[in-house]
Structures are given as structure tokens and as C-alpha cells.
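*Asks:* Here is a sequence together with a model predicted from it:
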Amino acid sequence: MELLLKRYYLPGGTNGVLSTGEGHIICYTIELPWRQNLRNRSCIPEGHYRIILRRSAKFNRHLMLSQVPNRSLILVHPANNAAKQLKGCIAPVSILTGEGMGEASKAACEKLLQLVSPVLLTGEAVWITVSSDAPLTIS
């Protein structure tokens, strides 16, 4: 399974649209602004990453991206404010409300998990391609 995350870099945060490989929108996303891939301060670099199903006490069932350059534990988990709730992870949201801000993140996360969990549990790989139409110019 292939997912596509099309990003929009903004000074206050990175917003995105997450869709299936066929172009069906799943949800929107929020992340920290691009800050040269600094750990805990930046969104991750654009690229192609494998998605893994993960559990933790804090987020219960959620997703993780593997083999992100110079980063670890890049999770996909609920958050409605990137600046206050994220440290480099990706948060699905149902509605974008501002730069790096959204609403109904838990519902968007559940929708995403319902889509990819059955695929992952069969052993099939799920990949995400993170890209943007615009060159990175925000520091």
C-alpha cells in the first residue's frame, strides 16, 4: 500500500494532505516547520518511508515511520497543535485551522489506522512518500 503526503511549508508549521496512492484524501496533517531536520524541532525530510504499526502507553496503537535520516521514533499520533504537542512527529487532523494547527486529530488518526492496520497485519508493506510542490526555503 502506498500513501502520499503532500506538504505545504509555512513559517508557523507544516500543513499537509494525506491521500492514498489512488488520490483519495484520507485526512490532513500538521507538523513542525522545516528547521533543517533538527531533532525535536523540525519536520522530517521529504522522502519515501516504511510505516510500522506500534503500541505505547502514551499513544496506545499508532504508526511509526522507519529509516528517517538522522532521526528516530518518528510517530504518527494525535495532536492538534504542532508547536505545543509535537517533537518532529506527524499528526493527522480532520480539519486544518492554521499553520501547524488542526482539529479532531483522534478521529483522523482512527480513520488512518482503520485503513492501514488490516494491511500491515497481513504482512504487506505500507509506504508513505512525503513531498511538496514548492522548494524548501523556510529556515
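*Replies:* Ah, there it is. What you see is a predicted model, and the numbers here were worked out from it, not measured in a lab.

*Asks:* And the residue in the chain sticking out farthest from the centre, how far from residue 53?
*Replies:* The C-alpha centroid of the chain is most remote from residue 122, which lies 22.3 Å away (C-alpha atoms, centre = their mean). Plainly put, residue 122 is 11 Å away from residue 53 if you go by C-beta to C-beta, to the nearest Å. All C-beta spots, glycine's among them, are computed from the backbone N, C-alpha and C.

*Asks:* longest helix of the protein?
*Replies:* When the chain is parsed with DSSP state H, its longest helix is helix 105-121.

*Asks:* list the buried ones in that one?
*Replies:* 105, 108-109, 112-113, 115-116, 120 (16 or more other C-beta atoms under 10 Å).

*Asks:* What residue, apart from its backbone neighbours, is nearest the spatially most central residue of the chain spatially?
*Replies:* Centroid-nearest residue in the chain, with C-alpha atoms, centre = their mean: residue 90, separated by 3.1 Å. Spatial nearest neighbour of residue 90, excluding adjacent residues (C-beta to C-beta, 6 or more residues apart in numbering): residue 76 at 4.9 Å.

*Asks:* in the sheet, who's paired with the one you found?
*Replies:* residue 63, residue 90 (DSSP bridges).

*Asks:* For it, list the residues it contacts.
*Replies:* 51, 62-65, 89-92, 109, 112 (C-beta atoms under 8 Å, 6 or more residues apart in numbering).

*Asks:* three-state assignment of residue 42?
*Replies:* Following DSSP: H, G, I helix; E, B strand; the rest coil, the label given to residue 42 is coil.

*Asks:* if we can go back for a sec, who wins for most neighbours among the contacts of residue 76?
*Replies:* residue 92 (29 neighbours; other C-beta atoms under 10 Å).

*Asks:* list the contacts for that one?
*Replies:* The contact partners of residue 92, by C-beta under 8 Å, 6+ apart, come to 18, 26-29, 76, 78, 105, 108-109, 111-112.

*Asks:* again, only using 10 Å
*Replies:* Residue 92 is in contact with 5, 16, 18, 26-30, 62-63, 76-79, 102, 104-113, counting by C-beta atoms under 10 Å, 6 or more residues apart in numbering.
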